[in-house]
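Undergrad: A structural model of the following input is requested.
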Amino acid sequence: MSAASCPGDKILYPDLKNKVAVITGGHSGLGKAISEALAKAGSKVVIAARSLEKCASLANQIKVIGGEAVPISLDVTDPASIEEMINQVKDRWGPIDLLVNNAGIQGKIDWIVNYDPSEWDRIMAVLLKGPFLCCRAVLPDMIGRRSGKVVNVAAGVSDERVDYGVAAYYAAKAGLINFTRQCAAETKRYGIYVNAIDPAGLETAMTDQIRAVERGSSEFSGTQTNSGRGLRLRKPEAIVPMVLFLLSTTSNMMTGRLLQASSPDDVQYLQL
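TA: Okay, here's the model as predicted:
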C-alpha cells in the first residue's frame with residue numbers, strides 16, 4: 001500500500017506511516033472513510049465502536065487490501081471501556097499517536113420545550129463527555145512522549161441556516177469546539193496538537209434518519225436538510241483530506257482551531 005491517498009490518488013503525508021491511530025465510531029460514515037484513508041497512509045488503525053462485529057468487518061476489509069487494522073468494542077461514555085481499549089492497543093502496537101473523536105449520535109429531533117432531559121443527557125454523554133474521557137485517557141502517554149495529534153469531529157450552523165429540533169446535538173458540538181480550544185491550550189507546550197473539524201452535511205446513515213423524520217413530520221419537513229434550497233450534502237470521503245492534514249506534521253503550525261467544510265454546490269474548500 002502507498003502513502004496517504006487523497007482524491008486523484010496523490011501521495012500525501014508519508015509521516016502518517018506506522019502511526020497508531022484510534023478512530024472512535026470508526027466503522028461507518030465519516031469514521032469509516034477516515035479509517036480506510038489512514039490505513040492507506042500506512043497507519044496502524046484502531047477501529048473502535050460499540051459494535052465489535054461492524055468494526056471487525058471493516059478491519060477485515062482493510063487487511064484484505066494490505067492495511068493494518070484491529071477492531072475493538074468501545075463505549076466512549078465509560079472510562080473503564082476506554083481504559084481497556086488503550087491497554088489492548090498498547091499490548092498490540094504500543095502507545096497511541098493519533099486520536100480521532102468521531103463517535104456520535106443524532107438523538108431525538110424535538111422542540112426544546114418537549115425535550116426529554118434523559119435524552120439530552122445521553123447526547124451530551126456521547127458527543128461531549130466521550131471526547132473528554134478519551135482525551136483524558138490518551139493524553140498522559142502523549143505528554144510523556146511530547147508528541148500526539150487529536151482531531152475532534154464537531155459541527156456548526158452558519159448564520160443563514162438553522163436546524164430545528166436538535167438543540168442538544170448542537171449544544172454538545174459547540175461545547176466540543178470550546179473543549180478543543182481548552183485542550184489545545186493545555187497541551188501545546190508538550191508538542192501535542194488538538195484541532196476540530198466541522199464536516200457540514202454528509203451522506204450518512206445519520207442523514208437518512210433525519211430524512212425519515214422529515215418525511216413523517218410536517219413540523220420538521222425541510223428544516224434539517226434545507227430541501228427547499230438544495231441538500232448541500234457530500235460523501236464522507238470528501239472530508240478525509242481535512243482530517244489527514246490535521247493528523248500530519250504539515251499542520252503543526254496550528255492547534256486549537258476549527259476547520260470548516262463548505263460546499264454550497266459541488267465545490268469543497270477549507271475555511272480557516
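
Undergrad: residues contacting residue 256?
TA: 180, 181, 183, 184, 185, 188, 194, 195 (Cβ atoms under 8 Å, 6 or more residues apart in numbering). (C-beta placed from N, C-alpha, C; glycine too.)

Undergrad: And for residue 119?
TA: Residues counted as contacts of residue 119 (Cβ under 8 Å, 6+ apart) are 107, 108, 168.

Undergrad: Could you measure from the residue nearest to the first one when sequence neighbours are not counted over to residue 48?
TA: Leaving aside its chain neighbours, residue 107 sits nearest to residue 123 (4.1 Å; criterion: Cβ to Cβ, 6 or more residues apart in numbering). As for residue 123, its distance to residue 48 is 19 Å (criterion: Cβ to Cβ, to the nearest Å).

Undergrad: cool, residue 20 as well?
TA: 12 Å.

Undergrad: More neighbours: the two, which one.
TA: residue 48 (32 against 20; other Cβ atoms under 10 Å).

Undergrad: Can you list the strands that the host helix or strand of that one pairs with?
TA: For residue 48, the element it lies in under DSSP states H and E is strand 44-49. Sheet partners assigned to strand 44-49 using DSSP bridges are listed as strand 20-24 (parallel), strand 68-73 (parallel).

Undergrad: Following element in sequence after the shortest one, please.
TA: Right, the one you point to is strand 20-24. Next along the chain after strand 20-24, taking DSSP H and E as the criterion, comes helix 29-40.

Undergrad: Tell me where the chain has helices.
TA: Counting by DSSP state H, the chain has helices at residues 29-40, 52-64, 79-92, 117-124, 130-145, 167-187, 205-215, 240-247.

Undergrad: Out of those helices, which is the most enclosed?
TA: helix 29-40 (a mean of 25; mean count of other Cβ atoms under 10 Å).

Undergrad: Quick check: mean pLDDT of that one?
TA: In this model, helix 29-40 carries a mean pLDDT of 95.

Undergrad: Against which helices or strands is it packed?
TA: Helix 29-40 makes packing contacts with strand 4-5, strand 20-24, strand 44-49, helix 52-64, strand 68-73, strand 98-101, helix 240-247 when contacts are defined by 3 or more Cβ pairs under 8 Å, 6 or more residues apart in numbering; DSSP states H and E.

Undergrad: Format the CA atom coordinates belonging to the fifth one as CSV.
TA: Taking only C-alpha atoms (Å, rounded to 0.1, in the frame of the first residue of the first chain), the coordinates of strand 68-73 have been written out as CSV:
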residue,chain,number,x,y,z
GLU,A,68,-3.2,-2.9,9.4
ALA,A,69,-6.4,-2.6,11.5
VAL,A,70,-7.8,-4.0,14.7
PRO,A,71,-11.4,-3.9,15.8
ILE,A,72,-12.1,-3.0,19.5
SER,A,73,-15.5,-2.7,21.2
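
Undergrad: ok, back up a step: so for residue 146, which of the helices and strands packed on helix 29-40 sits nearest?
TA: Residue 146 sits nearest to strand 98-101 of all those, at 15.0 Å, using Cβ to Cβ.

Undergrad: List the neighbours of the closest one that are in contact with it.
TA: So strand 98-101 is contacted by 16, 19-24, 26, 31, 34, 38, 43, 76, 130-131, 134-135, 138, 148-153, 176, 243, 247 (Cβ under 8 Å, 6+ apart).

Undergrad: Poorly predicted segments of the stretch 151-272 of the chain, please.
TA: Scanning the stretch 151-272 of the chain for pLDDT under 70 picks out 156-163, 201-233, 262-272.

Undergrad: Centre of the chain to stretch 187-204, how far?
TA: In terms of Cα atoms, centre = their mean, to the nearest Å, the centre of stretch 187-204 is found 8 Å from the chain centre.

Undergrad: tell me the centre residue of the protein?
TA: In the chain, the centroid-proximal residue (Cα atoms, centre = their mean) is residue 102; its distance is 2.4 Å.

Undergrad: How about residue 68: what's its closest non-neighbour residue?
TA: Excluding its sequence neighbours, the residue lying closest to residue 68 (Cβ to Cβ, 6+ apart) is residue 44, at 4.6 Å.
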